[in-house]
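1. generate coordinates for the sequence data below:
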Amino acid sequence: MTQYLSLAPVDNYLMADRNAEIALARSAAPESISRDAEVLVLGRHGYETAVKGKNGFVCIVERSWMAPFDDPEFLNPDQRLPLCLNPPGARTHLPLTFKTTELALAGLSKSQMLQSIKAAFDKKELPLPEPGSMCYMMSKQQYFGRKYGNADPHLMFWFPKTDDKFWGAGLPGSPVYVHQYFPQPITEFIISAAKWSDGTAAPAD
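-> Reported below is the predicted structural model:
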């Protein structure tokens, strides 16, 4: 598998069609949620507000540098990860998105990014997840790279680092998956959904 060891030319991560990125971001959640959400798009220097929202939700297409640092496709320019975050998620996850994006676009190495993120949490410059922080990832167009492809529609819930055993996460037969991130002191629980955001049924496992 290709190892993405350094940032590709920035244009490779951008979407030339701003309206297409807005539509992709909104596709993360059912239209009843995403139609009134704020929408962010990625520019050459970071994320910009493309559409003002009304309901406190924020839709955004994250890029590969928001994957775990040990992901071999960490800087894969093909990845497109549409999320629609609820208000607590927007307040406490997006600062991490913005900081990581800033570091990536500055051309820092993966190890430099990791150390910068660790220092930001150690100094409390980045917030921990608020209670109730979550997002929708239900887009048919989401692309996690060659290993996972489009994955499946799911919801993600963020907590300050906790014991995944309290959720029964990752155990045989459990519908709850878990990511214990590093250096971020964050636990992410993932629960699959039966339908894509457009209401059509997702493939059964």
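2. which residues touch Ala194?
-> 153, 201-202 (Cβ atoms under 8 Å, 6 or more residues apart in numbering). For every residue, glycine as well, the C-beta is placed using N, CA and C.
3. let me know the pLDDT of it.
-> Listed pLDDT for Ala194 reads 95.
4. next one: Ala204
-> Among the per-residue scores, Ala204 holds a pLDDT of 73.
5. what does Ser174 give?
-> Taking Ser174 on its own, its pLDDT is 94.
6. for Pro131, see how far away the residue at minimal distance from the centre of the chain is.
-> Centre of the chain computed as the mean C-alpha position; nearest residue by Cα atoms, centre = their mean is Glu62, 5.1 Å away. As for Glu62, its distance to Pro131 is 22 Å (criterion: Cβ to Cβ, to the nearest Å).
7. off-centre distance for the longest helix along the chain?
-> With residue count as the measure and DSSP state H as the assignment, the chain has helix 87-105 as its longest helix. Remark: helix 87-105 is offset 9 Å from the chain centroid, using Cα atoms, centre = their mean, to the nearest Å.
8. what about that helix, average pLDDT?
-> Within the predicted structure, the mean pLDDT of helix 87-105 is 98.
9. where along the protein do the helices fall?
-> For the chain, the helices defined by DSSP H occupy 18-26, 31-34, 87-105, 110-122.
10. for the third one, buried residues please.
-> Right, the one you point to is helix 87-105. With burial defined by 16 or more other Cβ atoms under 10 Å, the residues of helix 87-105 counted as buried are 88-94, 96-97, 99-101, 103-105.
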